[in-house]
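In: Compute the structure for the input listed below.
(chains A and B)
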2 protein chains.
Amino acid sequence: MSTATHPSGPRLNRDAIEQIVREIVSRQFSFPGSAAPTSENGAPKLVVSISARHLHLTDEHVDVLFGPGSTLTPMKPLFQDGFYAAEETVMVVGPRRRMLPAVRVLGPTRPHSQVELAFTDAISLGIDVPVRASGRIEGTPGCVLVGPKGVVELEQGVIRAERHVHMSLADAARYGVRNGDRMSLRIRSTCSTTLEDLLVRADATSKLEVHLDTDEGNAVDLDHAAHVELLKQ
Amino acid sequence: MSTATHPSGPRLNRDAIEQIVREIVSRQFSFPGSAAPTSENGAPKLVVSISARHLHLTDEHVDVLFGPGSTLTPMKPLFQDGFYAAEETVMVVGPRRRMLPAVRVLGPTRPHSQVELAFTDAISLGIDVPVRASGRIEGTPGCVLVGPKGVVELEQGVIRAERHVHMSLADAARYGVRNGDRMSLRIRSTCSTTLEDLLVRADATSKLEVHLDTDEGNAVDLDHAAHVELLKQ
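Out: Numbers count the residues shown, from 1 in each chain, chains lettered A, B, ... in the order given. The predicted model follows:
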């Protein structure tokens, strides 16, 4: 039995379509100060955010997709200062016209357009995506972006974002790590897990925040986590 | 922008619908003998299987869904002897008529019907599922099952299956564990991870096999894993 041979010919009704296009920009969880190797005091709360599939666009691609002179409209600020989920979404089309109908654009614009998918999303599109740090898109697969005013054929830029932790240089010093190092995230839940090799992205202005994707968040049941700890490897 | 306001009114074409109903019964990976605490020799290959969403049915529900006197038609044997993916699929409908159009039935039939979803699936259906060992369905959410010949309203039975490892009593002795114990699975990949608290399901006839769901398999990038090891906790 498949949909094609189902005798009563199931239809994708409005609710089902709305469900399919529903996406969560970011579910965010805040945990008590995680253990730091040099100090138990003053540890900031550890924020763990689950990023749903999303994309970043260049100014030029915003023009093509949403019309000449268009700019992104901030809808919801993200945890890191200056970044936001935009009101705009685009359709992401993979090989054989498989598609995700409404993928959220994050702002501000960037020098290169980039689509960030969980493997579950990529498999549904039929795209074999590599795991990459944001911005490292050389040689990655492309896709087609469809907006209300135009179409962009991305030559490359579809990735699964490597899980990572943003932090200030002060946080890095407290954990005893540097930008580019790796840490582990231990989650206690009904699905306890240690995620290894989180990339440390430390700079002067970032706030302490772990970024996971929906596959990782769902695999470890972050919604029901009792404790989360960031550990030096 | 949303699908509803997209000026050209995107349609879910045939390819898209086929993509949506596409499911993988089980992706299976085989790794060299994993380290056993008591012996390095004779360790069987460790099979790690990713179970996509699926369901188990009672004889009575097979009758209702597929017509009186129906039986399941084996399509593909599973790794554990005597179990199979059936040709039959059913539509699983959640609250507000969100649905998964073709969820695979696994055989043989069981004393209780049970739907096993990844959290990604459950979220898309709008069902808040608990993590449960197979068969422990008391107090779990229900759903509606739609087959070609009839409809079943399940009062309960929708779960995320707790990750687990099947093994023979001989395997259990080799690892130094017993039925009901917990082990860890360490995966080396681009997304290295230690999955803790795998339930050990040891009996006289089972073959050594870890069962993960699609969220877990995708989170750890099992497709590209270099090494997988089953560890006593």
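In: pLDDT below threshold where in chain A?
Out: For chain A, the stretches with pLDDT under 70 are A:1-26, A:33-44.
In: what residue is smack in the middle of it?
Out: Closest to where the C-alpha atoms of chain A average out (Cα atoms, centre = their mean) is A:S51, at 3.4 Å.
In: helices or strands next to the one helix or strand A:D171 maps to in the packing?
Out: Using DSSP states H and E, the element containing A:D171 is helix A:169-175. Contact analysis of helix A:169-175 by 3 or more Cβ pairs under 8 Å, 6 or more residues apart in numbering or on different chains; DSSP states H and E lists strand A:193-203 as its packing neighbours. Placement of C-beta: from N, CA and C, glycine included.
In: in the sheet, who's paired with A:A161?
Out: For A:A161, the beta-bridge partners under DSSP bridges are A:R132.
In: Would you agree it is in contact with A:L212?
Out: No: with contact defined as Cβ atoms under 8 Å, A:A161 does not reach A:L212; the gap is 9.3 Å.
In: Need the overlap of contacts for the two.
Out: Shared contacts of A:A161 and A:L212 (Cβ atoms under 8 Å, 6 or more residues apart in numbering or on different chains): A:S51.
In: who has more neighbours, the two?
Out: Neighbours per residue (other Cβ atoms under 10 Å in any protein chain shown) separate A:A161 from A:L212, with A:L212 holding more: 27 against 23.
In: Surely A:R96 is in contact with A:G126?
Out: Yes: counting by Cβ under 8 Å, A:R96 does reach A:G126; the two are 6.0 Å apart.
In: Quick one: residues contacting A:V131.
Out: A:V131 makes contact with A:159-162, B:190-191, B:221 under the criterion Cβ under 8 Å, 6+ apart.
In: And for it, nearest residue in space, chain neighbours not counted?
Out: B:T190 (4.2 Å; Cβ to Cβ, 6 or more residues apart in numbering or on different chains).
In: if I read this right, the one you found contacts B:L222, doesn't it?
Out: No: with contact defined as Cβ under 8 Å, B:T190 does not count as touching B:L222 (10.8 Å).
In: Would you mind telling me which of these two has more residues around it?
Out: Using other Cβ under 10 Å, the more surrounded residue of B:T190 and B:L222 is B:L222, with 25 against 16.
In: Find the residue closest to the more buried one in space, skipping its chain neighbours.
Out: Spatial nearest neighbour of B:L222, chain neighbours left out: B:F29 (5.8 Å); criterion: Cβ to Cβ, 6+ apart.
In: Tell me what the one you found is bridged to.
Out: Judged by DSSP bridges, the bridge partners of B:F29 are B:V48.
In: In contact with it: list those residues for me.
Out: Shown in contact with B:F29 (Cβ under 8 Å, 6+ apart): B:47-50, B:222-223, B:225, B:228.
In: Report the two of those separated the most.
Out: In these, the most distant members under the criterion Cβ to Cβ are B:V47 and B:D223, with 14.7 Å between them.
In: of the two, who's got more company?
Out: B:V47 (19 against 15).
In: Please name the nearest non-neighbouring residue to the more buried one.
Out: Spatial nearest neighbour of B:V47, chain neighbours left out: B:E209 (4.5 Å); criterion: Cβ to Cβ, 6+ apart.
In: Tell me where chain A has helices.
Out: Using DSSP state H, the helices of chain A run over A:14-21, A:59-66, A:119-125, A:169-175, A:214-219.
In: for the third one, the distance to its chain's centre please.
Out: On the basis of Cα atoms, centre = their mean, to the nearest Å, helix A:119-125 sits 13 Å off its chain's mean C-alpha point.
In: Next: the second one.
Out: The gap between where helix A:59-66 is centred and where its chain is centred comes out at 21 Å by Cα atoms, centre = their mean.
In: Buried residues of it, list them for me.
Out: Neighbour counts over helix A:59-66 (16 or more other Cβ atoms under 10 Å in any protein chain shown) mark A:61-66 as buried.
In: what's the spacing between the closest residue to A:I127 other than its chain neighbours and A:L145?
Out: Using Cβ to Cβ, 6+ apart and skipping the chain neighbours, the partner closest in space to A:I127 is A:G94 (4.8 Å). Using Cβ to Cβ, to the nearest Å, A:G94 is found at 11 Å from A:L145.
In: bridging residues for A:V90?
Out: On the basis of DSSP bridges, A:V90 is bridged to A:V103.
In: ok, the residue lying closest to A:S192 once chain neighbours are set aside - how many residues close by?
Out: Nearest non-adjacent residue to A:S192, counting by Cβ to Cβ, 6+ apart: B:E196, 4.2 Å away. By the criterion of other Cβ under 10 Å, B:E196 has 22 neighbours.
In: right, and B:E196 touches B:R186 too?
Out: No: in this structure B:E196 lies outside contact range of B:R186 using Cβ under 8 Å: 9.7 Å.
In: Tell me the span between the first and last residue of stretch A:177-195.
Out: The first residue of stretch A:177-195 is 17 Å away from its last residue (Cα to Cα, to the nearest Å).
In: State the distance from A:V165 to A:S206.
Out: In this view, A:V165 and A:S206 are 9 Å apart by Cβ to Cβ.
In: neighbour count winner among those two?
Out: Remark: of A:V165 and A:S206, A:V165 carries more neighbours, 27 against 19, as counted by other Cβ under 10 Å.
In: hey, what's the more buried one bridged with?
Out: A:V200, A:V210.
In: Next: A:A86.
Out: Residues in a beta bridge with A:A86, per DSSP bridges, are A:P74.
In: Isn't it up against A:T73?
Out: Yes: with contact defined as Cβ under 8 Å, A:A86 reaches A:T73; the gap is 5.8 Å.
In: If you count surrounding residues, which of the two has more?
Out: A:A86 (24 against 12).
In: Could I get the contacting residues of that one?
Out: By Cβ under 8 Å, 6+ apart, the residues touching A:A86 are A:72-75, A:104-107.
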